[in-house]
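Colleague: Starting from these lines, generate the structure:
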Amino acid sequence: MDKVKITLGTSTFIARWEHEASPRTCAAFRTLLPYSQKLIHARWSGEACWIPLGTFDLGITAENPISQPEPGQLLFYPGGSSETEILLPYGPARFGSVAGTLAGNRLLTITDDLELLARLGKDILWNGSRAIRFEAA
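Modeller: Residues are numbered from 1 along each chain as shown. Okay, the predicted model is just below:
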């Protein structure tokens, strides 16, 4: 299970695990698969969508966190100064919240169909949330 299939609405993307940067985060999230949620547009992070997870505890802490992910580079924020969440940037993004800049653990990276991802991100901005599902590819 080296890859993850991400279904976003009716579109599908393949992502690679970020094992080298965040081995504990990837291992913990892998245990949740298949995993479904709702993806909404981010309020503070630029061209990005997010999955708000409230007080969910994955049992991990910061692991080589970054705050300026590339498009398609999913980050997992384990909570702290803001709620637990997953960030999915589709364009220029700086991870943040009302509390200020956040840094998340690298979880998965989508490398193909980034133009489609950008179109979907903009559609979520204007038309609302989408179902998202993560499963072994």
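
Colleague: so who does the closest residue to Leu58 other than its chain neighbours touch?
Modeller: Excluding the flanking residues, the one nearest Leu58 by CB to CB, 6 or more residues apart in numbering is Ala28, at 4.9 Å. The C-beta positions use only the backbone N, C-alpha and C, and glycine is treated the same way. For Ala28, the contact set (CB atoms under 8 Å, 6 or more residues apart in numbering) comprises 58-60.

Colleague: mind checking how far the residue lying closest to Asp113 once chain neighbours are set aside is from Ala118?
Modeller: Leaving aside its sequence neighbours, Asp113 sits nearest to Phe13 (CB to CB, 6+ apart; 5.8 Å). Separation of Phe13 from Ala118 (CB to CB, to the nearest Å) stands at 12 Å.

Colleague: what's the top strand by length along the chain in contact with?
Modeller: The longest strand of the chain (DSSP state E) is strand 85-93. With CB under 8 Å, 6+ apart as the test, strand 85-93 has contacts from 37, 39, 42, 45-53, 68-77, 95, 104, 107, 114, 117-118, 120-122.

Colleague: Quick check: phi and psi at Leu74.
Modeller: Main-chain dihedrals, Leu74, degrees, to the nearest 10: phi -80, psi 130.

Colleague: ok, of the contacts of Ala28, which come out buried?
Modeller: 58, 60 (16 or more other CB atoms under 10 Å).

Colleague: would TSV of the contacts of Ala28 with distance to Ser22 be doable?
Modeller: As requested, the contacts of Ala28 are exported to TSV (distance: CB to CB, whole Å):
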residue	distance to Ser22
Leu58	11
Gly59	13
Ile60	8
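
Colleague: Which of the contacts of Ala28 sits closest to Ala136?
Modeller: Taking CB to CB as the measure, Ala136 lies nearest Leu58 of the contacts of Ala28, at 17.9 Å.

Colleague: Right, I'll call it a day here.
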